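Student: Below are the sequence and a predicted model for it; my questions follow.
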2 protein chains.
Amino acid sequence: MFYNEAMETAPLEKIQDIQWQKLKDMLEKVYRSNRFYQNSFKKHGVALEDIRELSDITKLPFSTKKDFQKDQEDNPVFGTNLTEPFENYVQFHQTTGTTGKPLKWLDTKESWAWRARCMAHSLAAAGITNKDILLLPFNFGPYTAFWGVYEAAQHLDVLTIPTGGWTTEQRLQSVIENQATVIIGTPTYMLRLAEAAQEEGLDLPGSAIRVVILAGEPGAMIPSVRDKLERGWGARVFEYPGLTETGTYAFMCEHNNQALHIIESEFIVEVLDSTTGKSVADGEAGELVLTNLGRSCSPAIRYRTNDRVRLIKSSCSCGRTFGQLIGGVLGRQDEMLIVRGVNIFPSTMGNIVEKFMELGCEYQIIAFRQGDMDEVRLKIEVTPTSQDVDKLIVPELKKQLNLRVDIEKVPKGTLVRSDYKGKKFIDERGKR
Amino acid sequence: MFYNEAMETAPLEKIQDIQWQKLKDMLEKVYRSNRFYQNSFKKHGVALEDIRELSDITKLPFSTKKDFQKDQEDNPVFGTNLTEPFENYVQFHQTTGTTGKPLKWLDTKESWAWRARCMAHSLAAAGITNKDILLLPFNFGPYTAFWGVYEAAQHLDVLTIPTGGWTTEQRLQSVIENQATVIIGTPTYMLRLAEAAQEEGLDLPGSAIRVVILAGEPGAMIPSVRDKLERGWGARVFEYPGLTETGTYAFMCEHNNQALHIIESEFIVEVLDSTTGKSVADGEAGELVLTNLGRSCSPAIRYRTNDRVRLIKSSCSCGRTFGQLIGGVLGRQDEMLIVRGVNIFPSTMGNIVEKFMELGCEYQIIAFRQGDMDEVRLKIEVTPTSQDVDKLIVPELKKQLNLRVDIEKVPKGTLVRSDYKGKKFIDERGKR
């Protein structure tokens, strides 16, 4: 299902026209009254007149999380990435703070509606309509992701059941009692709910839930995770990626569970070599750089997401012409390890480990420094009846990544759980 | 400040015209396709043609919480008080379940926007504008009150900071760090936040907070509670009442902290003798009966709220012509005790007790049966340095209510705390 069929299936040239119009409009506003970008552009010597066509975007400097963090520190409370008068802002969100001090981000009514429309692409593409009942199993903190889902659901006239402050058990009860058809959460928490249902003898696969949507972490494209979720819920699993700084920028369609479609009518996407800052070839892995086009009040322009992706331009069998991220978000660019000369991303390693983990068991990948070298250790939870998964994981990692790791088995329930994002990668390389 | 000055200061006749137009429109829809009211009106033999003018509303039967509960039990999941096709409903809420099985209530986009406008009266009357920063210290569960505040704030372009899932300490930190100017919560939780700030040495009275709005329980019109909150927060205290079943129906203005203004342009208000069902005289205490006029999708028509109020029709010095509830909601109609021949409402007794309680101490009024007679006991928390409050409370209750009670002193922290509504009245009269 489409949210906006004409746009989603438009030829590349049309999309580029739209991108150029929106970029130009945004830059005019930003050059006029956004201190953050005024300073940045001036420092890099780029005048508005230098940007004459879409491809000129590469003349603009990058922005990074660190830039915004420093700006907010220097200009409290909300920094200078504010194009409009303060009274116009109605939404406050902040990042979770996994990488430094939480970054605050404000939206106006217009940009917030734009964010809801971006997210609506995701819900529509998963086949959600106004006949659905969407249960929202989270507390609605200052994090943006789930608020966006709520707003998009309202935009699409979907009945929402909010369950902030409730326990896992109360939420499962509400799923069953109210015959909810769709649920949204992190893969970690969706697995936790499925596990709790099993423990309580609740028949989730027999419930009305037909779609599970994942957010916050990759999950739907990791076959073993998807498989566990599809069996645990008896439902199709979708996912969408998004960042506080950029909004929801892509979604999964019903035809392909191995790619995310970038919302190119609302975003300009680049994939770069992190070191050189140059574009990589179509299909090559690199760092995702995004420019959002509907949020001139507090835009992200050439924002380095730190996310590793592979972009291809070819269209999907669903009919959409938007570029696709193959395999979704592959991991964090700055998490790369060099273990005995081999480049390893913890996420790649995690995807292999996932295959051997039972529902309800957790694992952690711990990176540390030995001399000048990166090393890696794996902690996995097992139950008394688990098979000897370590004997299976070790050869698989050796085979697929040419990587030999130490494995530590711990009893189920030992590792920290979260109702939000799981902490699967522990980076101790900075420690002395 | 007004939300809609023309309406709020309109002469009685104009308001009655509006009420009649809205009632007529609603009844036409309800007679056409609302099974709940179709059945109820038929059972009471009232045809649409019988309602020819505003005063004919008294020909319509009452509705009660029990009626709706039974309807949802007989017609799962959502009952038959649904005037429109299911696809039109976008909002699910339910009551907290303090009086029986939680009642579910659905809204359409239109009725939800109506509810936000009702709540907007409340925010505007407390002087809140788009220059304010409103911190929302709750989890956004399925309860309606705080969602209504969120929507009203968005409607008025007020910047909101949601803090679901956060601790009391994180919320206080966010108040200070983000220079929030307004905060909303139950009196119980607002007192708890003020207490926690004192414990942590945070200067709340020196913060940017200038308005505290109370909901969920009466508080602003109990002088000792208001006083504690005003000192703890260094802010003005307002309150508004509302029910899941009816929406926000009244608000407090800046000119009078001893009354709530009924939103008469959106509600028809009656005050009745609970036993006879007849109107009481202007200014007499009775049960509040409400009909909401902007929610034809799932209306409350002549809904017996069980709330005890005193209504006067005279206008306020703020210029509003809406009827006023003197002293706000005085308590629950069905909580009345007859102790040695004297009629006592726990809320009245609570207001007297409050005067003697320190910030952070709780109390409970426990009603029980002795033979055929109601009896009452009071549990109060004290600190080692408290004065002998029991010696002060006993004569005060005797003097004001002609009531002699047993008092049990317990250490501070003994009684159950809640982040939501406090449980101050424990009714054990039904127990054997």
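Tutor: Done, it's in.

Student: What's the first helix or strand after the host helix or strand of A:D307?
Tutor: Taking DSSP states H and E as the definition, A:D307 sits inside strand A:303-312. As assigned by DSSP H and E, the chain's next helix or strand after strand A:303-312 is strand A:324-326.

Student: I'd like to check which residues are in contact with the residue nearest the centre of chain A.
Tutor: Among the residues of chain A, the one closest to the centroid is A:P241, at 3.0 Å (CA atoms, centre = their mean). Applying CB atoms under 8 Å, 6 or more residues apart in numbering or on different chains to A:P241 gives the contacts A:215, A:218, A:248-250, A:260, A:307, A:325, A:328-329. All C-beta atoms are positioned from the backbone trio N, CA, C, and that covers glycine.

Student: Return the subset of the residues you listed lying in helices.
Tutor: Judged by DSSP state H, helices contain none of those.

Student: Quick one, which of the residues you listed are buried?
Tutor: When the contacts of A:P241 are checked for burial by 16 or more other CB atoms under 10 Å in any protein chain shown, the buried set is A:215, A:218, A:248-250, A:260, A:307, A:325, A:328-329.

Student: From the residues you listed, pick the one nearest B:C118.
Tutor: Nearest to B:C118 out of those is A:T248 (CB to CB; 31.6 Å).

Student: B:E284 versus the spatially closest residue to the closest one that is not a sequence neighbour, what's the distance?
Tutor: Leaving out its chain neighbours, the residue that sits closest to A:T248 by CB to CB, 6 or more residues apart in numbering or on different chains is A:G242, at 3.7 Å. Distance, A:G242 to B:E284, by CB to CB, to the nearest Å: 57 Å.

Student: A:N306 too?
Tutor: A:N306 is 67 Å from B:E284, by CB to CB.

Student: The residue nearest to A:R35 when sequence neighbours are not counted: which element?
Tutor: What sits nearest to A:R35 in space, not counting adjacent residues and going by CB to CB, 6+ apart, is A:T80, at 3.8 Å. Assigning secondary structure by DSSP H and E places A:T80 outside every helix and strand.

Student: domain parsing for chain A?
Tutor: Using automatic domain parsing, the domains assigned to chain A come out as A:5-113+A:242-333, A:126-239, A:336-427.

Student: quick check, A:P61 in a strand?
Tutor: No: counting by DSSP: H, G, I helix; E, B strand; the rest coil, A:P61 is not part of a strand but coil.

Student: Considering helices and strands only, name the one in chain A with the lowest mean pLDDT.
Tutor: strand A:342-344 (a mean of 87; mean pLDDT, DSSP states H and E).

Student: which outside residues touch the next helix or strand after it?
Tutor: Counting by DSSP H and E, the next helix or strand C-terminal to strand A:342-344 is helix A:346-354. Helix A:346-354 is contacted by residues A:218, A:222, A:224-225, A:308, A:330-332, A:335, A:337, A:363, A:365, A:367, A:376, A:378, A:380, A:393, A:396-397, A:400-401, A:403, A:424-425 when judged by CB under 8 Å, 6+ apart.

Student: now the angle between strand A:303-312 and helix A:346-354, please.
Tutor: Here the directions of helix A:346-354 and strand A:303-312 differ by 60 degrees (axes from the mean of the first three to the mean of the last three CA atoms, to 10 degrees).

Student: rewinding a little: against which helices or strands is the strand holding A:D307 packed?
Tutor: strand A:267-272, strand A:285-292, strand A:324-326, strand A:331-332 (3 or more CB pairs under 8 Å, 6 or more residues apart in numbering or on different chains; DSSP states H and E).

Student: Using a markdown table, please lay out these together with distance to B:E13 and mean pLDDT.
Tutor: Shown next, in a markdown table, are these (distance: least, CB to CB, whole Å; pLDDT from 0 to 100):
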| stretch | distance to B:E13 | mean pLDDT |
| --- | --- | --- |
| strand A:267-272 | 56 | 98 |
| strand A:285-292 | 53 | 98 |
| strand A:324-326 | 64 | 98 |
| strand A:331-332 | 67 | 92 |
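
Student: and the ones you listed, which is most packed in?
Tutor: strand A:285-292 (a mean of 24; mean count of other CB atoms under 10 Å in any protein chain shown).

Student: CA atoms only for that one - export them in PDB, please.
Tutor: Below are the C-alpha coordinates for strand A:285-292, written out as PDB (Å, rounded to 0.1, in the frame of the first residue of the first chain):
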ATOM      1  CA  ALA A 285      28.900   0.300   1.900                       C
ATOM      2  CA  GLY A 286      29.500   3.700   3.400                       C
ATOM      3  CA  GLU A 287      28.300   6.400   5.800                       C
ATOM      4  CA  LEU A 288      24.700   7.600   5.300                       C
ATOM      5  CA  VAL A 289      24.500  11.400   4.900                       C
ATOM      6  CA  LEU A 290      21.000  13.000   5.000                       C
ATOM      7  CA  THR A 291      19.400  16.300   4.200                       C
ATOM      8  CA  ASN A 292      15.800  16.600   5.300                       C
END
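
Student: Chain B contacts on the stretch 51-200 of chain A?
Tutor: With the criterion set to CB under 8 Å from any CB of the partner chain, the stretch 51-200 of chain A comes near chain B through A:77, A:86-92, A:104, A:106, A:109, A:130-131, A:133, A:138-142, A:147, A:153-154, A:157-166, A:174, A:177-179.

Student: Now go through those residues and say which are in strands.
Tutor: Secondary structure defined by DSSP state E assigns A:89-92, A:104, A:106, A:133, A:159-162 of those to strands.

Student: which residues sit against the longest helix belonging to chain A?
Tutor: The longest helix of chain A (DSSP H) is helix A:12-33. Under the contact criterion CB under 8 Å, 6+ apart, helix A:12-33 has outside partners A:7, A:10, A:37-38, A:41, A:48, A:51, A:53-54, A:57, A:83-84, A:264-266, A:268, A:291, A:293-294, A:296, A:299, A:301, A:313, A:321-322.
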